[in-house]
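Chemist: Any chance you could fold what I've pasted below:
(one chain, ligands or ions: 1)
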Amino acid sequence: MINLHNVSKSFSEFRAVQSVSLSIGEKEIHGIIGASGAGKSTLLRLMNLLEIPDTGEVEVNGRLLTRLNGKELREERKSIGMIFQHFNLVANKTIYENVAVSLKLAKYPRKKRRERVLECLQFVGLASYADKYPAQLSGGQKQRVAIARALANNPQLLLCDEPTSSLDPNTTAEILGVLRDVNRTFGVTIVIVSHEMDVIKSICNRVTVLADGKLYETLTIEPKGIRIIDGDPESFVKQLTEDGELNNA
Ligand SMILES: Nc1ncnc2c1ncn2[C@@H]1O[C@H](COP(=O)(O)OP(=O)(O)OP(=O)(O)O)[C@@H](O)[C@H]1O
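Modeler: Numbering: from 1, shown residues only. Sure, this is the predicted structure:
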């Protein structure tokens, strides 16, 4: 699905990604983990050419993106969705309009847009929020809208840049559940950048470890599953006292 051949990217003198070669298979949930500044986001953004590599080739779905002209690249990007840590919704557009905009940009047939938007919102459990604005939604709901928007054009690949890093543990678990459903239901290949080991271990089946812009290792792992943490106050107290750090005296 994705083949990176010796891709490198520098910002001024700084070598953010250095000669990375990596293959990601169809329908994988592939994690990218590493320390802050390791080059994770840059590597992800090279996969849809949001960052243009200085050297190397990027192949997605059998097409060498690095050889396409602007028009061809725009066409190819329809099959690549992306979500971000801070959701990137348009504040003065409704939830419906936020999803519809990606269909409009992709010139999706006008008559079918409404049905498609509602279908996507339904999938993420937010059909009844169509007329609300982003500010009226929680962080987890905003990320669901971003997922609906990313899915609207039926992508084969979904790139996720720290998708749960602004969310609390339970909402993180919910969003990971939605991403896993996207992978299982539609067979979408997913690449997740995260600095959170629990996130990577819960749903990824292959993981790339990056260090100082270089690929350190790629491993196959058994996803551990998504753990919903009880969010009631009693459970917080229990977890704190179980650690032996506090008592109720
Ligand atoms: N557009 C840019 N201009 C200049 N430097 C950049 C740019 N984008 C990234 N960098 C630098 O490249 C390095 C790698 O950044 P990147 O965001 O890919 O790392 P990361 O592993 O995702 O880190 P973090 O987890 O902190 O987001 C960092 O030192 C960053 O400052």
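Chemist: switch to C-alpha atoms for all contacts and neighbour counts from now on
Modeler: Will do.
Chemist: CA-only coordinates of the helix or strand containing Val99 in PDB, if you can.
Modeler: Using DSSP states H and E, the element containing Val99 is helix 95-105. C-alpha atoms of helix 95-105 as PDB (Å, rounded to 0.1, in the frame of the first residue of the first chain):
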ATOM      1  CA  ILE A  95     -20.700  19.800  11.500                       C
ATOM      2  CA  TYR A  96     -22.500  18.900   8.300                       C
ATOM      3  CA  GLU A  97     -20.600  21.600   6.300                       C
ATOM      4  CA  ASN A  98     -17.300  20.500   7.700                       C
ATOM      5  CA  VAL A  99     -17.800  17.000   6.300                       C
ATOM      6  CA  ALA A 100     -19.400  18.300   3.000                       C
ATOM      7  CA  VAL A 101     -16.500  20.500   2.200                       C
ATOM      8  CA  SER A 102     -14.200  17.600   1.500                       C
ATOM      9  CA  LEU A 103     -16.800  16.200  -0.900                       C
ATOM     10  CA  LYS A 104     -17.100  19.600  -2.600                       C
ATOM     11  CA  LEU A 105     -13.300  19.800  -3.000                       C
END
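Chemist: Going by neighbour count, list what's buried in the next helix or strand after that helix.
Modeler: Using DSSP H and E, the helix or strand that directly follows helix 95-105 along the chain is helix 110-123. For helix 110-123, burial by neighbour count (16 or more other Cα atoms under 10 Å) applies to 113, 116-121, 123.
Chemist: helix/strand/coil for the spatially most central residue of the chain?
Modeler: The centroid of the chain falls nearest to Cys160 when counting by Cα atoms, centre = their mean (1.4 Å). Put simply, Cys160 is strand when judged by DSSP: H, G, I helix; E, B strand; the rest coil.
Chemist: Surely it touches Ile83?
Modeler: Yes - the pair Cys160 / Ile83 is scored as a contact, 4.9 Å apart, by Cα atoms under 8 Å.
Chemist: Domain map for the protein?
Modeler: Split into domains by automatic domain parsing, the chain comes to 1-79+156-249, 88-154.
Chemist: Next, find the distance separating the residue nearest to the centre of the chain from Val191.
Modeler: Counting by Cα to Cα, to the nearest Å, the separation of Cys160 from Val191 is 6 Å.
Chemist: try Gln18
Modeler: From Gln18 to Val191 the distance is 19 Å (Cα to Cα).
Chemist: Name the residue in those two with the higher neighbour count.
Modeler: Between Gln18 and Val191, counted using other Cα atoms under 10 Å, Val191 has the larger neighbour count: 25 against 20.
Chemist: so who does the more buried one touch?
Modeler: By Cα atoms under 8 Å, 6 or more residues apart in numbering, Val191 lies in contact with 28-32, 44, 157-160.
Chemist: Tell me which residues of the lowest-mean-pLDDT helix or strand in the chain come out buried.
Modeler: Every helix and strand of the chain was ranked by mean pLDDT, DSSP states H and E. The lowest is helix 233-242, at a mean of 81. Within helix 233-242, no residue counts as buried by 16+ other Cα under 10 Å.
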